[in-house]
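Q: just need the structure, nothing else, for what follows:
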Amino acid sequence: MTRHKGKLKILIFNVNWLGDVLFSTPAIKLIRKIYPHAFIACIVPPRCKEILEENPNLDEIIVFDERGIHRSIWEKLKFIKLLYRKKFNKAFLFHRSFTRALVLYLARIPERIGYYTKKRFYLLTSAIKSPDTSKMHRADYYLYIVAEHEKYTGEINFKPDFFISQNDKEIVAALLKEEGVGDNDFTVVLNPGGNWTQKRWPKENFSVLSAVLIRDYGAKIILTGAAKDKDLADEIANLSGMPLINLCGKTNLKQLAALMQKVDVVVSNDSGPLHIGSSVGAKIIGIFGPTSILLTGPYKIDNSKTISRDVGCAIPCYKQGCSDIRCMKAVTIDDVLDVIKKITGK
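A: Numbers count the residues shown, from 1 in each chain. Next up is the predicted model:
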């Protein structure tokens, strides 16, 4: 493997989802390992910027808001001009999008590396044939682009990176104090949301789980999520008949990570927050249904436990509008309680 020492300028065009951007951080770390002296920038959508903030392997984060400010052709052209002026030498394209490949091509970046597709291969200088993704974790999928192009044969043992500050921890400590949560309380975070409903454990299950944990263990239950999840959390609290703490919309991602790191255990659907919590060492239980633990489960993390049940469906299943969701319903409250007991010793 060749080590590069010049002030090379490298651009990474990342993917769109919180969990996937987090899964890309091992590949970012590998690029930094190969090019320790390079200037490395990464493009992400606005909602994913926090995932990469404070990451020491990056020198710059560039926001590409395709659904907002960069929606029009004119704004895309201005964005392309911005990239051109930055004079990047090389770009890794983690996204399979034609549009993003075209952006890099028009920005005249000399080396453009990404996976081969029939629609865009001619826009890349290095179009890499995709490996068999049926048994490959998403993090390894991004790592493969870098390792294959760079002919890297060394050891790769990187975990996802997510960085939180002392200030984030202090904000969370103050918030918990305000909500009446003490340092010695048995505290459980429940993260009931998800980017599509098929990945959500039934709200009735979360409500019963909350009631049992409060009744049997005197737990303090905290519901987390974005502002859009507040109504769901309120429903769970009302169904439980118990005084649950609803922090939906009251934390950013950094503070959510600090919260998960601090509490005794976290129960979450397969979502970005699940992987964020895993990456900062939280004791976390992930409930999986239509998605594959092998492909998108916690990556090289010992502190995470996952629960899923085989109901005869093909996994992963991306059938939108599935009204049955029997894969999620098959995971019982007792299943989750048993894992909580094992993790916490309760």
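
Q: C-alpha only now, for contacts and for neighbours.
A: Fine.

Q: specify the beta-bridge partners of Leu223.
A: Leu223 has these beta-bridge partners by DSSP bridges: Leu190, Asn246.

Q: and the gap between it and Asn238?
A: Taking CA to CA, to the nearest Å as the measure, Leu223 and Asn238 are separated by 12 Å.

Q: also Ile34?
A: Applying CA to CA, the value for Ile34 to Asn238 is 53 Å.

Q: and the two? which has more neighbours close in?
A: Neighbours per residue, other CA atoms under 10 Å: of Ile34 and Asn238, the larger number sits with Ile34, 18 against 13.

Q: per-residue pLDDT, that one?
A: pLDDT, the model's per-residue confidence, is 97 for Ile34.

Q: please shift the residue numbers so they start at 39 in all later answers.
A: Sounds good: first residue 39 from here, last item Ile72.

Q: what's it sitting at in phi/psi?
A: Main-chain dihedrals, Ile72, degrees, to the nearest 10: phi -70, psi -40.

Q: how about Arg238?
A: Here is the backbone geometry of Arg238 (degrees, to the nearest 10): phi -100, psi 130.

Q: likewise Ser306?
A: Dihedral pair for Ser306: phi -140, psi 150, per degrees, to the nearest 10.

Q: count the residues that sit near it.
A: 26.

Q: is it true that it touches Ile322?
A: Yes - checked against CA atoms under 8 Å, the pair Ser306 and Ile322 is within contact range at 7.4 Å.

Q: which residues do the two both contact?
A: Jointly contacting Ser306 and Ile322 under the rule CA atoms under 8 Å, 6 or more residues apart in numbering are Leu312.

Q: which residues are in contact with Leu294?
A: 262, 311.

Q: and the pLDDT at it?
A: Per-residue pLDDT puts Leu294 at 98.

Q: ok, now Asp362?
A: Per the predicted model, pLDDT is 81 at Asp362.

Q: what's around Ala352, how many residues?
A: By the criterion of other CA under 10 Å, Ala352 has 11 neighbours.

Q: how far away is it from Pro169?
A: Counting by CA to CA, the gap from Ala352 to Pro169 is 21 Å.

Q: please enumerate the strands of this structure.
A: For the chain, strands defined by DSSP state E occupy the ranges 47-51, 77-82, 98-101, 128-131, 149-153, 164-166, 225-229, 258-261, 283-284, 303-307, 322-325, 342-345.

Q: TSV please, covering the ones you listed and showing distance to Asp178 and mean pLDDT.
A: Below are the strands of the chain laid out as TSV (distance: least, CA to CA, whole Å; pLDDT from 0 to 100):
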stretch	distance to Asp178	mean pLDDT
strand 47-51	16	98
strand 77-82	18	98
strand 98-101	22	98
strand 128-131	15	98
strand 149-153	13	98
strand 164-166	14	97
strand 225-229	26	98
strand 258-261	32	98
strand 283-284	36	98
strand 303-307	22	98
strand 322-325	20	97
strand 342-345	18	94
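
Q: deepest-packed of those, please.
A: Comparing the strands of the chain by mean neighbour count (mean count of other CA atoms under 10 Å), strand 322-325 comes out on top with a mean of 26.

Q: need the contact partners of that one.
A: Under the criterion CA under 8 Å, 6+ apart, residues 239, 303-308, 312, 315-316, 341-346, 366, 369, 374, 377-378 lie in contact with strand 322-325.

Q: over to stretch 356-367?
A: Stretch 356-367 is contacted from outside by 236-240, 325-329, 346-349, 351, using CA under 8 Å, 6+ apart.

Q: rerun at 7 Å
A: 236, 238-240, 326-328, 347, 349 (CA atoms under 7 Å, 6 or more residues apart in numbering).

Q: that stretch spans what distance, first to last residue?
A: Stretch 356-367 has an end-to-end distance of 17 Å (CA to CA).

Q: ok, stretch 255-266 next?
A: 30 Å.

Q: how about Phe196, phi and psi?
A: Residue torsions, per degrees, to the nearest 10, at Phe196 are phi -100, psi 140.

Q: list the contacts of it.
A: Neighbours of Phe196 in contact, by CA under 7 Å, 6+ apart: Pro64.
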